[in-house]
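In: Pasted the sequence and its predicted model underneath.
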Amino acid sequence: MLKPPNAFGIVQQGLYRSNAPVDENLPFLTGLHLKTVLYLSPEVLLRSVVEFFKEKNVDLHNLGVQAWKPDPHWTPICDDFIKDALEIVLDHRKHPLLICCTSGVFQTAPLVGCLRRLQNWSLTSILDEYRAFAGLKARLVHEQYIEFFDVDLVSLPVAEHLPPWFIDYNLVDA
């Protein structure tokens with residue numbers, strides 16, 4: 001039986017989110033034909049999961065070490081961390097792509113919220129999605145981070161490398 005990781009969800013076509021996968025999730029992940037996994041937590045993934053990604057030629061980006069270098073002011077997450085992660089997410093050549101962190105919430109949900117900002121979603125819709133995935137783990141400081149994230153920090157790839165769903169949302173000329 002196929003078992004998706006906890007907190008699994010489809011963000012857009014070819015873009016998925018979840019908590020950190022474990023061995024029992026690997027058959028499910030095989031079916032996604034992933035090219036890239038973007039791991040956002042400072043904790044280490046299970047060795048068997050890392051080996052699985054290597055065997056399947058999945059490019060593993062571990063940005064987790066950056067996650068906990070917040071701005072000395074109030075932000076819970078480093079702007080450069082979100083910027084770097086979004087630039088990977090918005091490169092269609094890296095799709096299908098899985099975004100994950102240990103909980104599936106504390107780094108993944110703010111990243112997806114900032115992606116939604118780039119897609120010009122309304123803040124109400126962004127926070128509704130954030131709360132739906134975060135559940136009881138939702139944090140006001142993450143909601144504030146999403147609201148005030150400076151989307152101009154993100155360097156978009158050339159139009160031909162943007163995902164079609166991003167072009168559709170933003171009416172970017174391809």
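Out: Perfect, thanks for sending it. Here the structure is a predicted model, which is why all the values come from computation and not from measurement. Numbering: from 1, shown residues only.

In: quick one: the strands in this structure?
Out: In the chain, the strands defined using DSSP state E lie at 9-12, 15-19, 36-39, 59-62, 97-101.

In: Contacts for the last one next, please.
Out: Pointing back at strand 97-101 there. 5, 11, 14-21, 29, 32, 34-41, 64, 67, 85, 88-89, 107-108, 111-112 (CB atoms under 8 Å, 6 or more residues apart in numbering). Every C-beta, even on glycine, is put in place using the N, C-alpha and C of the backbone.

In: got it, and the third one?
Out: By CB under 8 Å, 6+ apart, the residues outside strand 36-39 that reach it are 20, 45, 53, 58-64, 85, 88-89, 94-101.

In: pLDDT-wise, which helix or strand of the chain ranks last?
Out: helix 64-67 (a mean of 62; mean pLDDT, DSSP states H and E).

In: Now do the residue nearest the centre of the chain against L15, distance only.
Out: For the chain, I99 is the residue whose C-alpha lies nearest the centre (CA atoms, centre = their mean; 3.7 Å). Per CB to CB, to the nearest Å, I99 is found 7 Å from L15.

In: Touching both of the two, which residues are there?
Out: In contact with both I99 and L15: V89, using CB under 8 Å, 6+ apart.

In: Can you show me the helices along the protein?
Out: In the chain, the segments counted as helices under DSSP state H are 26-30, 47-55, 64-67, 79-89, 108-118, 123-134, 140-148, 164-170.

In: in the chain, which ranges drop under the pLDDT threshold?
Out: 65-76, 169-174 (pLDDT under 70).

In: what do you get if the cut-off is 80, keeping everything else the same?
Out: 64-78, 104-105, 168-174 (pLDDT under 80).

In: Any idea how many residues pack against L34?
Out: Using other CB atoms under 10 Å, the number of residues around L34 comes to 21.

In: Kindly list the main-chain dihedrals of it?
Out: Dihedral pair for L34: phi -60, psi 140, per degrees, to the nearest 10.

In: And the residue nearest to the centre of the chain, how close does it get to V50?
Out: 17 Å.

In: How much space separates F149 from V112?
Out: In terms of CB to CB, F149 sits 12 Å off from V112.

In: actually R131, not the one I wrote
Out: For R131, the distance to V112 (CB to CB) stands at 12 Å.
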